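**Student:** give me coordinates for this.
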Amino acid sequence: MSAACRAPPDLLALLGAHERGEAFDDVAFETRLADAVREIVAKQVACGIDSVCDGEQSKMSYTFYVRHRLSGIDAAPGGALERPPQTGAHRDIADHPDFAERLRAARGGTSWFASAAVPYCTGPVAYRDRRPLERDLANLAAACAVSQPPQGSKIEAFMNAASPGVLTKFVPDRYYNDEDAYVEALADALREEYEAIHRAGFILQIDAPDLGSARHNQYQHLSDSEFLRIAERNIAALNHATRNIPPEAMRMHICWGNYEGPHTHDIPLATVFDTCMRARPSGLLFEAANPRHAHEWEDLKTAKIPDDKVLMPGMIDSTTNFVEHPRLIAQRLTLYADIVGRERVIAGADCGFATFAAQQNAVAPSIVWAKLAALAEGAGIASDRLWGNRKASA
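**Tutor:** Numbering: from 1, shown residues only. As a prediction, this is how the structure comes out:
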């Protein structure tokens with residue numbers, strides 16, 4: 001996911017009006033959005049990040065955005081339709097009622113979903129409206145054209161898109177009544193978005209928390225082996241949707257949920273790793289900084305990692321206001337370089353810093369940028385020690 005901060009307040013107000021179907025100034029929205037993308041790309045470049053993104057500034061969330069692009073997706077006010085009970089539950093939080101109560105109090109006694117326009121699948125899914133996608137592609141291209149690194153090297157940019165599997169949670173099905181058929185339809189529809197991002201010259205980053213966090217919420221009622229069959233199905237759908245895109249032009253992000261919490265029911269990376277290696281994207285981004293998963297580099301020492309795969313471990317935690325020391329980041333990077341070689345490791349962030357635009361960020365915006373600067377500095381230290389230039393990705 002992108003490492004963006006929450007959208008600026010004025011842009012957030014326009015996004016909110018758009019989501020609620022209220023009248024708003026289209027021209028003002030388009031202008032402010034383009035400005036916001038230029039600002040956030042420029043900030044990433046200033047931090048030393050050389051694989052940048054648009055911060056998903058046009059999206060209320062990394063999944064809900066599809067209702068503006070796909071047919072068969074309608075929105076209802078939060079609570080207007082019953083969501084599957086497992087979709088909002090986390091086994092680790094349920095184990096700690098005192099922590100769950102603290103979260104409810106921090107949110108004012110309600111969840112963001114209660115007031116959001118929640119998308120549901122209510123008809124056949126197909127790609128309906130390319131205008132939001134084309135706008136995002138144009139804004140990112142324009143931002144990259146005016147924000148070049150000081151050394152004059154060409155900037156690399158990526159764009160995020162949801163995986164077919166993750167949408168089964170955040171956009172529940174009320175039409176197909178068959179999850180396999182729904183995933184297949186989503187893959188066929190999203191293919192258009194995936195290929196457009198590639199044709200525009202950007203790296204395609206597919207956000208697939210369905211391979212990690214879905215185990216302890218959406219599919220918590222299954223066994224690990226049953227969950228792996230779901231994961232394998234989702235990978236097959238993703239591979240089908242990306243069949244015309246070179247693997248080296250893609251990367252896939254997995255995570256265990258971008259929230260501070262116990263995470264005591266997270267499925268281990270080692271359990272899902274072989275399945276992830278079957279995905280076509282050559283790059284794999286995964287959480288490696290948060291305290292529940294920082295040890296898992298040891299498991300990769302004996303893993304079967306195909307020669308064409310690039311590891312992109314998260315070196316900064318997106319849920320805490322600690323700013324990781326650059327030397328710690330360099331130390332972490334060398335652990336992975338020792339496993340797959342120095343040319344197959346890129347420093348990344350654990351997850352995005354703003355999963356839902358309407359939620360209060362866990363990490364203060366100024367600290368987000370301090371973390372990204374530390375990420376770039378740490379990657380530079382590791383580069384000096386081990387190899388030539390490597391990228392630090394937002």
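
**Student:** tell me, how many residues neighbour Asn244?
**Tutor:** 10 (other CB atoms under 10 Å). Using the backbone N, CA and C atoms, a C-beta is placed for each residue, glycine as well.

**Student:** show me what contacts it?
**Tutor:** Applying CB atoms under 8 Å, 6 or more residues apart in numbering to Asn244 gives the contacts 191, 195.

**Student:** same thing but at 7 Å, please
**Tutor:** Neighbouring residues of Asn244 by CB atoms under 7 Å, 6 or more residues apart in numbering: Glu195.

**Student:** what does Gln57 give?
**Tutor:** 4, 7, 11, 33, 36-37, 40.

**Student:** could you pull out the strands for this structure?
**Tutor:** In the chain, the strands defined using DSSP state E lie at 51-52, 70-77, 117-127, 156-162, 203-207, 250-253, 283-286, 310-316, 348-349.

**Student:** report the angle between the axes of the longest one and strand 70-77?
**Tutor:** Between the direction of strand 117-127 and that of strand 70-77, the angle (axes from the mean of the first three to the mean of the last three CA atoms, to 10 degrees) works out to 170 degrees.

**Student:** same check on the fifth one?
**Tutor:** Using the same axes, to 10 degrees, the interaxial angle of strand 203-207 with respect to strand 70-77 works out to 50 degrees.

**Student:** just the fourth one next, same as before
**Tutor:** Strand 156-162 and strand 70-77 are oriented at 70 degrees to each other (the same axes, to 10 degrees).

**Student:** got the contact list for strand 156-162?
**Tutor:** Residues from elsewhere that reach strand 156-162, judged by CB under 7 Å, 6+ apart: 1-2, 50-54, 56, 62-63, 66, 136, 140, 144, 190, 193-194, 197, 202-207, 391.

**Student:** try the fifth one
**Tutor:** By CB under 7 Å, 6+ apart, the list of residues contacting strand 203-207 from outside reads 1, 62, 156, 158-163, 166, 194, 197-198, 238, 245, 249-253, 281.

**Student:** on that earlier part again, pick out the most distant pair among the contacts of Gln57.
**Tutor:** Using CB to CB, the two most remote members of those are Ala4 and Leu33, lying 12.8 Å apart.

**Student:** more neighbours: those two, which one.
**Tutor:** For Ala4 versus Leu33, the count of surrounding residues by other CB under 10 Å is larger for Ala4: 27 against 20.

**Student:** residue ranges of the helices in the stretch 1-150 of the chain, please?
**Tutor:** Shown for the stretch 1-150 of the chain, the helices assigned by DSSP state H, counting those that start in this stretch span residues 9-20, 26-47, 91-94, 97-106, 131-146.

**Student:** for those, which one sits closest to Leu372?
**Tutor:** Closest approach to Leu372 among the helices of the stretch 1-150 of the chain is made by helix 26-47 (4.4 Å; CB to CB).

**Student:** now stretch 34-53: mean pLDDT?
**Tutor:** Averaged across stretch 34-53, the pLDDT comes to 95.

**Student:** now do it: everything it contacts.
**Tutor:** By CB under 7 Å, 6+ apart, the surrounding residues in contact with stretch 34-53 are 2, 4, 7-8, 11, 54-55, 57, 139-140, 142-144, 146-147, 149, 155-160, 369, 372-373, 376-377, 391-394.

**Student:** check contacts around Ala382.
**Tutor:** Each residue near Ala382 by CB under 7 Å, 6+ apart is listed here: 330, 333-334.

**Student:** quick one: buried residues of stretch 45-52?
**Tutor:** By neighbour count on 16 or more other CB atoms under 10 Å, the buried set for stretch 45-52 is 45, 47-52.

**Student:** now, among these, which is nearest to Asp384?
**Tutor:** The closest of those to Asp384 turns out to be Gly48 (CB to CB; 13.7 Å).

**Student:** the closest one and Lys371, how far apart?
**Tutor:** If you measure Gly48 against Lys371 using CB to CB, to the nearest Å, the figure is 12 Å.

**Student:** would CSV of the helices of the stretch 1-150 of the chain with distance to Gly348 be doable?
**Tutor:** Shown next, in CSV, are these (distance: least, CB to CB, whole Å):
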stretch, distance to Gly348
helix 9-20, 25
helix 26-47, 13
helix 91-94, 24
helix 97-106, 27
helix 131-146, 18
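
**Student:** where does pLDDT dip in the stretch 101-250 of the chain?
**Tutor:** Within the stretch 101-250 of the chain, the stretches with pLDDT under 70 are 107-116, 150-153.

**Student:** returning to that earlier point: out of the contacts of Ala382, who's the most crowded?
**Tutor:** Neighbour max across the contacts of Ala382 (other CB under 10 Å) = Leu333, 29 neighbours.
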